[in-house]
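Participant: Attaching a predicted model along with its sequence, questions to come.
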Amino acid sequence: MTLKELNFFYKLCENPTVSQVANELDISQSAISIAIKSLENKLGETLFDRVGKKLILNERGRYFKDVTYEHFIAIYDNKSLFQKNKLAGKIKIASSKTIGNYIMPNIYFDFMCKYKDVSLDIYSMNSSLIIEKILEGELDLALIEAPCDNPNIIKQKILDDELIVVTSDKNTPKETYIDAIDKKWILREIGSGTRDTFIKHIGSIADDLNIFMHLYEFDEIKKIIIENCDTVTAISKVAVKKELEDKELFQIKLINISLKREFNLIYHKKKVQSLLFKTLVEFINTQIIKKYS
């Protein structure tokens, strides 16, 4: 059933003369007749008795009106909802762990404070799972730290990042070759952007490292590294900023290896870009430039 068909129906409930209703709505009588016949066909019931040029509501029509009118008014009142507020809506957004834990929380908060009729369904997961969900249409927008070259995904760089190697052992050389680090490596899980970037940059050297443990959370990794000086990890600089300042962790600079990467905003190339969607993308970019440039 369409709003037009229902609107004609309720108008005829008030005034059974088709010609008068047609004049009021500035349409032809035949358009009303066709719409009412379509409505009756969809319901499988006759709602009016045809008496001359009038359509008189019958017992089935009166019952239909009583049951549906309140709902029709609620829907009709809201048909212009998005004309009144183009930014109303809900967006499903995900961030990979580094971005979600250390960059996005305040941006999410500030956006929702600024736009009161917007809600965000916020998820945190590793980059490979995010890419999968973007391709399946389960997310509107996402921010990842792993490379993504899928032709069905639009990618936009939002920030440069760098992985660094850290340990709690202050006696470790400040600069060395990666294969000279004789410690247990604690890394993120397979599929995480942090781990994928690290393994990609060091290449075959990974086979010679003592990769001792994989964990999902940065806080777990940092706790182990801080409490065990025989361990080491590769982690985003933004994730250990405080620990470096407090001298709980110490950076080991790698000779001849750079672990630079990009943080990217991604969405499906067929994603409809509503005003809300565009506003959120612009807000994220503006806030990141403001805080990190």
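Facilitator: That came in fine, so what should we check first? Computed from a prediction, not measured in an experiment: that's the story for all the values here.

Participant: Could you use CA atoms for every contact and neighbour count after this?
Facilitator: Will do.

Participant: With Lys241 as the reference, measure out to the residue nearest the centre of the chain.
Facilitator: Ranked by distance to the mean C-alpha position of the chain (C-alpha atoms, centre = their mean), the top residue is Ile93 at 1.7 Å. With the distance defined as C-alpha to C-alpha, to the nearest Å, Ile93 ends up 25 Å from Lys241.

Participant: Ok, Lys155 next?
Facilitator: Taking C-alpha to C-alpha as the measure, Lys155 falls 27 Å from Lys241.

Participant: In contact with the residue lying farthest from the centre of the chain, which residues?
Facilitator: The outermost residue of the chain relative to its centre, with distances by C-alpha atoms, centre = their mean, is Gly52 at 57.5 Å. For Gly52, no residue meets the contact criterion (C-alpha atoms under 8 Å, 6 or more residues apart in numbering).

Participant: how close does it sit to Ile32?
Facilitator: As judged by C-alpha to C-alpha, Gly52 and Ile32 stand 15 Å apart.

Participant: And for Glu189?
Facilitator: From Glu189 across to Ile32, the span is 64 Å (C-alpha to C-alpha).

Participant: just Glu59 next, same as before
Facilitator: 20 Å.

Participant: of these two, who's got more company?
Facilitator: In this comparison of Glu59 against Ile32, neighbours counted by other C-alpha atoms under 10 Å, the higher total goes to Ile32 at 22 against 13.

Participant: Kindly list the longest strand within the protein.
Facilitator: Identified as the longest strand of the chain according to DSSP state E is strand 153-167.

Participant: Buried residues in that one, which are they?
Facilitator: If you call a residue buried by 16 or more other C-alpha atoms under 10 Å, then strand 153-167 has these buried ones: Ile153, Ile154, Lys155, Ile158, Leu159, Glu162, Leu163, Ile164, Val165, Val166, Thr167.

Participant: if we can go back for a sec, show me what the residue nearest to the centre of the chain is bridged to.
Facilitator: Taking DSSP bridges, one obtains Ile122, Leu141 as the residues bridged to Ile93.

Participant: Could you shift the numbering so residue one becomes 646, and keep it that way?
Facilitator: Sure, I'll start numbering at 646, so the last one becomes Ile738.

Participant: show me what contacts it?
Facilitator: Going by C-alpha under 8 Å, 6+ apart, the list of residues near Ile738 reads Leu765, Asp766, Ile767, Tyr768, Leu784, Asp785, Leu786, Ala787.

Participant: want to throw those into JSON lines with pLDDT, distance to Asn668 and neighbour count?
Facilitator: Listed next are the contacts of Ile738 as JSON lines, based on pLDDT from 0 to 100; distance: C-alpha to C-alpha, whole Å; neighbours: other C-alpha atoms under 10 Å:
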{"residue": "Leu765", "pLDDT": "94", "distance to Asn668": "46", "neighbour count": "15"}
{"residue": "Asp766", "pLDDT": "94", "distance to Asn668": "48", "neighbour count": "11"}
{"residue": "Ile767", "pLDDT": "96", "distance to Asn668": "51", "neighbour count": "15"}
{"residue": "Tyr768", "pLDDT": "95", "distance to Asn668": "54", "neighbour count": "15"}
{"residue": "Leu784", "pLDDT": "95", "distance to Asn668": "48", "neighbour count": "22"}
{"residue": "Asp785", "pLDDT": "95", "distance to Asn668": "45", "neighbour count": "21"}
{"residue": "Leu786", "pLDDT": "96", "distance to Asn668": "48", "neighbour count": "22"}
{"residue": "Ala787", "pLDDT": "97", "distance to Asn668": "52", "neighbour count": "26"}
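
Participant: need the next SSE after the longest strand of the chain, C-terminal direction.
Facilitator: As assigned by DSSP states H and E, the chain's next helix or strand after strand 798-812 is strand 820-821.

Participant: which other helices and strands contact the helix or strand that that next one is followed by?
Facilitator: Moving toward the C-terminus from strand 820-821, the first helix or strand encountered (DSSP H and E) is strand 829-833. Judged by 3 or more C-alpha pairs under 8 Å, 6 or more residues apart in numbering; DSSP states H and E, the packing partners of strand 829-833 are helix 838-847, strand 856-860, helix 863-872, strand 876-881.

Participant: which of those sits most buried?
Facilitator: Of all these, strand 876-881 carries the top mean neighbour count, a mean of 25, counting by mean count of other C-alpha atoms under 10 Å.

Participant: Mind listing the strands that one pairs with, and their directions?
Facilitator: Strand 876-881 is paired, per DSSP bridges, with strand 798-812 (antiparallel), strand 829-833 (parallel).
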